[in-house]
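1. Mind looking at a prediction? Sequence and model below.
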Amino acid sequence: MYDRDTVELLLLALDEGMGVTRAAREVGVSLDTARRWAAGMLPRSCAAAPRASGRIGVDEDRTTRGGARVKKIEIGALYEPPETGPLAQMTPDQIEKLLLRAVLDDLKGGGSHPLSTPMRSRCELGERLRRATGLPTSAITRFLEIPRSTWYYHRARAGRAARDDELRPLVEAAFEACGRRGYRPVWAQLRRAGVRVSEKVVRRLMREAGLSARRRRRRRWSSYAGEASPAPPNLPLREDGTHDFRAGRPNELWVTDITEMAHPSGAKVYLSPVIDCFDGRPVAWSRGLRPTSELADSSLESACGALSPGEAPAVHNDRGVHYRTASWIERCESHGLRRSMSRKGMSCDNARAEGFFGLLKQEFYYPRDWSGTTVGEFMDELDRWMEWFRSGRISQRLGWLTPDEHRLSLGYPV
């Protein structure tokens, strides 16, 4: 049993000059049924329809797909022509015919009535009809029986999809520019570039694109070799067992340590940085192929070369053998540095240095495939990343500024 709209759509197609075979295929009825309707043998409920107009006529009531009885609206109320524009001189019947013809063009042989399609597809069809005909939204929604709330809901989702398509390349570029970090630095990088977007949107787009800052952690190298000499006091350690790595000005408290990174060639690269606890800025660093005491001594000597007269920071480190040697102690004493050392087996005592190594490996080492580089190229890239950390890496703790920008904003030299 075919509904009235299906019969009406077939008659309209025939009136437009379409053949019976194609009209039957477009509307989705059998060829014999289409021929009977074309010959005037309409269903009993449609027997009073005027054949020439392409419409069956308007009953007072009709049954919807859900079985509810709905009052039929007069044609003049449904398709009232606008006061201005190309449709101003058309009659309501002509406007309805224009809509039905647009529906036939849009179906492209699909063989289904527009009211039998999902609501999302119906809203997409309605948007195309609105652009093609210039009719107001109210006429389109009444014609396709779309609730206004549903219409605007799907339009908003379509707008969000277009906005997401614009943001995806910007998010990917910001992800690379900020060092392949989490969604908050990516969001801050976009804000610095003048892109206004929510943190939640950035997080969702990064999740959809598979952009993640988390990487598999590897086994750490340890420099602990036993108690070679008495350890100095643990200056950042408080009486309650917590640590205070804060510094009120640059060159007040330094931390240092040595970390290991394996190269695909089988070699191992070791980095010994000196980190300023004031803003996390690397004061100096040395890298090499062996974790020797000369590696630690050279980074400390370079850091001391950046001190101004009268500055004598405290230097905190773990219980590695490098910080028990006579050369290390001599350099600390010659520059007036106060030595500080972690407790035995307590890596959290040097959390500030460990945190820096975590960022280094998460943002620089793990995300890249180093198989196509030599050891020398790897160390050069490491130097460039350390320099970029100073002048290019923004931090939320610093108000989304780089360490150099933060110092300059406070009047400190860099």
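-> In hand now; what should we look at? Residues are numbered from 1 along each chain as shown.

2. And the strands in the chain, which stretches?
-> Here the chain has its strands, by DSSP state E, at 61-63, 69-71, 253-256, 259-262, 268-276, 282-288, 314-317, 338-341.

3. Same list, the ones you listed, but as JSON lines with mean pLDDT please.
-> Listed next are the strands of the chain as JSON lines, based on pLDDT from 0 to 100:
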{"stretch": "strand 61-63", "mean pLDDT": "46"}
{"stretch": "strand 69-71", "mean pLDDT": "43"}
{"stretch": "strand 253-256", "mean pLDDT": "94"}
{"stretch": "strand 259-262", "mean pLDDT": "95"}
{"stretch": "strand 268-276", "mean pLDDT": "96"}
{"stretch": "strand 282-288", "mean pLDDT": "96"}
{"stretch": "strand 314-317", "mean pLDDT": "92"}
{"stretch": "strand 338-341", "mean pLDDT": "90"}
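
4. can you tell which of the ones you listed is closest to Asp369?
-> strand 259-262 (13.1 Å; C-beta to C-beta). Any C-beta I mention is one placed from the backbone N, CA and C, and that applies to glycine too.

5. Need the CA coordinates for that closest one. PDB is fine.
-> The C-alpha coordinates for strand 259-262 follow below in PDB (Å, rounded to 0.1, in the frame of the first residue of the first chain):
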ATOM      1  CA  THR A 259      71.100  10.900  31.500                       C
ATOM      2  CA  GLU A 260      71.600   8.300  28.800                       C
ATOM      3  CA  MET A 261      70.000   8.000  25.300                       C
ATOM      4  CA  ALA A 262      70.700   5.000  23.100                       C
END
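
6. related to what we said a few turns ago, can I get the strands of the chain in JSON lines with mean neighbour count?
-> Listed next are these as JSON lines, based on neighbours: other C-beta atoms under 10 Å:
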{"stretch": "strand 61-63", "mean neighbour count": "11"}
{"stretch": "strand 69-71", "mean neighbour count": "9"}
{"stretch": "strand 253-256", "mean neighbour count": "26"}
{"stretch": "strand 259-262", "mean neighbour count": "18"}
{"stretch": "strand 268-276", "mean neighbour count": "23"}
{"stretch": "strand 282-288", "mean neighbour count": "20"}
{"stretch": "strand 314-317", "mean neighbour count": "25"}
{"stretch": "strand 338-341", "mean neighbour count": "19"}
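
7. how about TSV for those strands, with distance to Cys332 added?
-> Below are the strands of the chain laid out as TSV (distance: least, C-beta to C-beta, whole Å):
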stretch	distance to Cys332
strand 61-63	92
strand 69-71	89
strand 253-256	11
strand 259-262	21
strand 268-276	12
strand 282-288	15
strand 314-317	6
strand 338-341	5
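
8. who's Ser286 bridged to?
-> Counting by DSSP bridges, Ser286 is bridged to Ser272.

9. Report the separation between it and Arg319.
-> Using C-beta to C-beta, to the nearest Å, Ser286 is found at 20 Å from Arg319.

10. just to revisit the earlier point, minimum distance to Glu145: which of the strands of the chain has it?
-> Comparing the strands of the chain by C-beta to C-beta, strand 69-71 comes nearest, at 8.8 Å.

11. what residues are up against the nearest residue in space to Ala267 that is not next to it in sequence?
-> Excluding the flanking residues, the one nearest Ala267 by C-beta to C-beta, 6 or more residues apart in numbering is Val375, at 5.0 Å. Val375 is in contact with 263, 265, 267, 269, 289, counting by C-beta atoms under 8 Å, 6 or more residues apart in numbering.

12. Can you give me the neighbour number for Tyr323?
-> Tyr323: 29 surrounding residues under other C-beta atoms under 10 Å.

13. Just to check, it is in contact with Ala296?
-> Yes. Between Tyr323 and Ala296 there is a contact under C-beta atoms under 8 Å: 6.8 Å.

14. what residues are shared contacts of these two?
-> In contact with both Tyr323 and Ala296: Thr256, using C-beta under 8 Å, 6+ apart.

15. From the contact counts, what lies against the biggest helix by length in the chain?
-> Looking across the chain with DSSP state H, the single longest helix is helix 148-177. If contacts are counted by 3 or more C-beta pairs under 8 Å, 6 or more residues apart in numbering; DSSP states H and E, helix 148-177 sits against helix 119-133, helix 137-143, helix 183-192, helix 199-209.

16. can you pick the most crowded of the contacts of Val375?
-> Neighbour max across the contacts of Val375 (other C-beta under 10 Å) = Val269, 19 neighbours.

17. all helices for the stretch 251-400 of the chain, in order.
-> Using DSSP state H, counting those that start in this stretch, the helices of the stretch 251-400 of the chain run over residues 293-304, 326-334, 351-360, 375-391.

18. Which of these sits closest to Gly28?
-> With C-beta to C-beta as the criterion, Gly28 lies closest to helix 351-360 of these, at 61.9 Å.

19. centre of the chain versus that closest one, how much separation?
-> Between the centre of helix 351-360 and the centre of its host chain there is 26 Å, according to C-alpha atoms, centre = their mean, to the nearest Å.

20. worst-scoring helix or strand of the chain, pLDDT-wise?
-> When each helix and strand of the chain is scored by mean pLDDT, DSSP states H and E, strand 69-71 comes last, with a mean of 43.

21. Pull the contacting residues for the nearest residue to Ala296 once chain neighbours are set aside.
-> Leaving aside its chain neighbours, Ala296 sits nearest to His322 (4.0 Å; criterion: C-beta to C-beta, 6+ apart). By C-beta under 8 Å, 6+ apart, the contact set of His322 is 223, 258, 272, 291-293, 295-297, 328.

22. Give me the buried entries from the residues you listed.
-> 223, 258, 272, 291-293, 295-297, 328 (16 or more other C-beta atoms under 10 Å).

23. Nearest to Glu381, out of these: which one, please.
-> Nearest to Glu381 among those, with distances taken as C-beta to C-beta, is Ser272, at 17.2 Å.

24. pretty sure the closest one is in contact with Ile258, am I right?
-> Yes. In this structure, Ser272 is within contact of Ile258 by C-beta under 8 Å, at 4.7 Å.

25. any common contacting residues for those two?
-> Common contact partners of Ser272 and Ile258 (C-beta under 8 Å, 6+ apart): 291, 295-296, 322.

26. what's the farthest-apart pair in the residues you listed?
-> It's Pro291 and Ala296 that sit farthest apart of those, by C-beta to C-beta, at 8.3 Å.
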